[in-house]
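1. could you work out the structure for the sequence below:
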Amino acid sequence: MRIAVIGTGYVGLVSCALFAELNHQVIGLDVDKDKISKLKKGQVTIYEPGLESLFQKHLNSGKLTFTTDYKKAIKDIEVAFICVGTPPKKDGSYDSKYVYASAESIAKNLKKYAVIVIKSTVPPSTTTRVKKIFATHAKVKYDIASTPEFLREGSAINDALHPSRIVLGVESKKAEKVLRSVHKKLKAEVVVTTPQSAQLIKYASNSMLATKISFINAMAIICDKVDADINDVALGLGLDPRIGQSFLEAGLGYGGSCFPKDTWALIAYAKKLGYDFNFLKQVDQVNQDQIKYFITKIKKVYPSLKGKTLTVLGLAFKPNTDDLRESRSIELVNRLLKLGAKVNVYDPVANDLAKDVLKGVKFFNSAPLSLINSDGLVLATKWQEFGDLNLRKVKKSMKNPVIFDSRNFFDPSKVKKLGFKYQGIGRS
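-> I've put the predicted structure just below:
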């Protein structure tokens with residue numbers, strides 16, 4: 001099938017690679033000329049394990065091409081996936097202007113029937129407006145649909161090729177048939193529903209996962225007060241099949257491009273509908289408070305941070321990505337700076353991007369170098385590289401051998417035996 005992917009950000013690029021791997025002819029479109037120029041040259045513009053090899057494979061085979069021209073992108077397509085950004089407004093709701101602009105451009109250039117799929121995360125009301133745009137500008141028949149993505153950064157290629165489910169939000173049997181054909185090589189249960197329900201499934205999924213994270217973080221605070229171990233609590237809790245073990249890791253809280261934005265958006269959308277989603281507000285509040293709580297752990301060792309040098313390891317919001325959006329690590333660094341600390345930082349892949357958003361810190365090209373003469377190792381992102389550190393050598397190089405483990409990454413008993421002081425979350 002001939003497929004157009006509108007928007008070559010994170011979701012768009014992964015979608016391009018996926019559909020090409022499924023043997024479709026894919027053309028990616030973006031209004032960013034510089035980005036398209038790089039993509040045409042084979043330069044992948046995001047970091048995602050496995051994406052570059054898949055990208056190069058299909059760029060070389062000719063199944064994957066790129067353009068900035070809507071007329072070229074939409075010519076003879078059977079399906080168009082809108083994957084443009086929906087940044088949050090001040091009230092937390094989504095700004096869907098790029099979705100609407102894309103819809104209008106597609107409608108004006110559409111020459112034959114196609115299914116127009118909104119893959120961007122949007123509120124249910126978006127579908128109604130997109131349909132009005134097509135009714136005004138399209139001169140041929142079409143269907144509007146929604147297929148939300150459930151990709152996890154760092155494992156997006158595996159998630160795309162082996163999805164847990166495929167949600168098709170459609171309004172006609174014809175659209176359903178087309179979209180089933182698009183995804184037919186994927187082995188996953190297909191949920192067929194309306195576009196509105198599909199969009200709410202996306203909201204609900206991310207909000208539920210955010211809830212699990214905030215819950216286990218709240219439990220970690222209780223564990224600290226009664227000398228319990230949150231890792232043991234999470235294990236015993238997660239082994240209940242009704243609950244499951246995923247997303248029960250205490251830490252700094254959730255960040256990234258989805259969980260914060262989607263919880264805020266659902267709260268704002270509910271408010272517009274006349275419902276006060278107080279429960280989800282509390283989930284967000286727990287998340288906001290988690291960094292403040294972790295800093296109290298640091299202050300147990302250093303009541304004043306003035307003159308202290310702390311090394312923050314990890315800047316991306318999670319391992320195996322360079323994404324800094326709503327990164328808890330970045331927020332932690334900024335708060336430490338405000339408290340007077342000198343901050344060294346290192347991330348295996350996000351250093352260069354972080355230089356645009358972090359000021360007043362010292363960047364290093366390796367973890368061991370960043371820890372020399374440091375008063376504390378602050379583990380902020382669970383990169384495996386940090387687990388492979390030679391802690392004996394690290395201890396000798398540090399001014400004060402203290403580990404502040406915001407992700408409960410290290411084994412407290414082992415690091416204490418090596419002579420480190422240790423502060424974790426819910427397990428110190």
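
2. only C-alpha atoms from now on, for both contacts and neighbour counts.
-> Will do.

3. where are the low-confidence patches of the chain?
-> 428 (pLDDT under 70).

4. tell me where the longest helix sits in it.
-> helix 195-226 (DSSP state H).

5. could you list every helix and strand in contact with that helix?
-> helix 125-137, strand 142-146, strand 165-169, helix 230-238, helix 259-272, helix 278-301 (3 or more C-alpha pairs under 8 Å, 6 or more residues apart in numbering; DSSP states H and E).

6. pull out the buried residues from the last one.
-> For helix 278-301, the neighbour count (16 or more other C-alpha atoms under 10 Å) marks 280, 283-284, 286-288, 290-291, 294-295, 297-298 as buried.

7. what's the following helix or strand after that helix?
-> Later in the chain than helix 278-301, the nearest helix or strand by DSSP states H and E is strand 309-313.

8. go on, the third one?
-> Beyond strand 165-169 on the C-terminal side, the first helix or strand identified by DSSP H and E is helix 173-182.

9. and that following helix, how far out from the chain's middle?
-> Helix 173-182 sits 28 Å away from the centroid of its parent chain (C-alpha atoms, centre = their mean, to the nearest Å).

10. same question for stretch 380-391.
-> Using C-alpha atoms, centre = their mean, the offset of stretch 380-391 from its chain centre is 21 Å.

11. go on, stretch 178-197?
-> 23 Å.

12. tell me which residue of this protein is furthest from the middle?
-> residue 139 (37.3 Å; C-alpha atoms, centre = their mean).

13. from residue 114, how far off is it?
-> Using C-alpha to C-alpha, to the nearest Å, residue 139 is found at 12 Å from residue 114.

14. do residue 120 as well
-> 18 Å.

15. who has more neighbours, those two?
-> residue 120 (24 against 21; other C-alpha atoms under 10 Å).

16. my read: the more buried one touches residue 127, true?
-> No - with contact defined as C-alpha atoms under 8 Å, residue 120 does not count as touching residue 127 (11.3 Å).

17. excluding its backbone neighbours, what's nearest residue 154?
-> residue 320 (4.5 Å; C-alpha to C-alpha, 6 or more residues apart in numbering).

18. burial of that neighbour, as a residue count?
-> Neighbours around residue 320, by other C-alpha under 10 Å: 20.

19. and residue 81, what helix or strand is that in?
-> Per DSSP H and E: strand 79-82 holds residue 81.

20. most widely separated two among the buried residues of helix 278-301?
-> 280 and 298 (28.5 Å; C-alpha to C-alpha).

21. next, give phi and psi for residue 328.
-> phi -70, psi -30 (degrees, to the nearest 10).

22. ok, it to residue 378 distance?
-> For residue 328, the distance to residue 378 - C-alpha to C-alpha - is 12 Å.

23. and for residue 15?
-> 35 Å.

24. same question, residue 225
-> 22 Å.

25. between the two, which has more neighbouring residues?
-> residue 378 (27 against 10).

26. give the next helix or strand downstream of the helix or strand harbouring the more buried one.
-> For residue 378, the host element (DSSP H and E) is strand 376-379. Going down the chain from strand 376-379, the next helix or strand is helix 384-387, by DSSP H and E.

27. what residues does that following helix touch?
-> 313, 367, 409-410 (C-alpha atoms under 8 Å, 6 or more residues apart in numbering).

28. repeat that for 10 Å
-> Residues external to helix 384-387 that are found in contact with it (C-alpha atoms under 10 Å, 6 or more residues apart in numbering): 313-314, 319-320, 347-348, 366-368, 379, 409-410.

29. follow-up on the earlier one: between residue 328 and residue 378, which contacts overlap?
-> residue 314.

30. endpoints of stretch 313-332, how far apart?
-> OK, stretch 313-332 end separation, C-alpha to C-alpha: 11 Å.

31. before we move on, what about stretch 300-312?
-> First-to-last residue span, stretch 300-312, C-alpha to C-alpha: 18 Å.

32. next, the contact list for residue 267, please.
-> With C-alpha under 10 Å, 6+ apart, residue 267 has these contacts: 91-93, 207, 261, 275-281, 284.

33. which two among the residues you listed are spaced furthest apart?
-> It's 261 and 275 that sit farthest apart of the contacts of residue 267, by C-alpha to C-alpha, at 18.5 Å.

34. more neighbours, these two?
-> Taking other C-alpha under 10 Å, residue 261 and residue 275 do not tie; residue 261 has more neighbours (25 against 11).
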